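K.L.:
What shape does this take:
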Amino acid sequence: MGGSGVEWLDDEQQLAWRHYIRGSRALETVLDNEVQTEAGMSLSEFELLSMLSEAPDRVLRMSTLAELIVQSRSRVTHTANRLARRGWVERRAAADDGRGVELVLTEAGMEAVVVAAQVHVMSVRRHLVDVLERLELVELGAAMMKVRASL
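P.N.:
The predicted structure is shown next:
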């Protein structure tokens, strides 16, 4: 490619980038399909419910959820609406200031996330953890943490 002043990726960098993007997309697709098939929810729904299940009193502000699961507030709102229709979450005004919106995990939601978590962990183990050596997994985590911190 020409002399546009762009520093193009060399062959090794290009190959690494393509392996990363294709591997991460394929992994996310497989995880989503397995959680959907076995637990009846999407991977993004599971992520949201999982964050709520780990939060104090199973409550988080919608804006906090968006940051945690790296999705837009609009997308989190749509996901929350689907989960509310299923009785897995409830919306309420934020307790601390009344301006924001909080999402509360219901008992039915907790039951659903417990089932999905079992499917999810088996899928993550089968398709990622058990495929990599421990050092590779640690290095992958460190690399992704470094990337996320730079964004």
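K.L.:
just checking, what packs against the lengthiest helix in the chain?
P.N.:
Longest helix in the chain by number of residues, with DSSP state H as the criterion: helix 11-39. When contacts are defined as 3 or more Cβ pairs under 8 Å, 6 or more residues apart in numbering; DSSP states H and E, helix 11-39 packs onto helix 43-54, helix 107-124. Bear in mind the C-beta positions are built from the backbone N, C-alpha and C, glycine included.
K.L.:
So for that helix, what gets flagged as buried?
P.N.:
Of the residues in helix 11-39, those with enough neighbours to count as buried (16 or more other Cβ atoms under 10 Å) are L31, D32, E34, V35, Q36, A39.
K.L.:
returning to what we had before: for the helices and strands packed on helix 11-39, give me TSV that also has distance to S74 and mean neighbour count.
P.N.:
Output for the helices and strands packed on helix 11-39, formatted as TSV (distance: least, Cβ to Cβ, whole Å; neighbours: other Cβ atoms under 10 Å):
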stretch	distance to S74	mean neighbour count
helix 43-54	13	21
helix 107-124	21	16
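K.L.:
Of those, which is nearest L27?
P.N.:
Closest approach to L27 among the helices and strands packed on helix 11-39 (Cβ to Cβ): helix 107-124, 8.8 Å.
K.L.:
Now do that closest one against helix 11-39, angle only.
P.N.:
Interaxial angle of helix 107-124 relative to helix 11-39 (axes from the mean of the first three to the mean of the last three Cα atoms, to 10 degrees): 140 degrees.
K.L.:
chain center to helix 107-124, what's the gap?
P.N.:
Put simply, helix 107-124 sits 14 Å off its chain's centre (Cα atoms, centre = their mean, to the nearest Å).
K.L.:
what's the next secondary structure element after it?
P.N.:
helix 134-150 (DSSP states H and E).
K.L.:
Run through the neighbouring helices and strands of that next one.
P.N.:
Using 3+ Cβ pairs under 8 Å, 6+ apart, helix 134-150 sits against no helix or strand.
K.L.:
Appreciated, that's everything.
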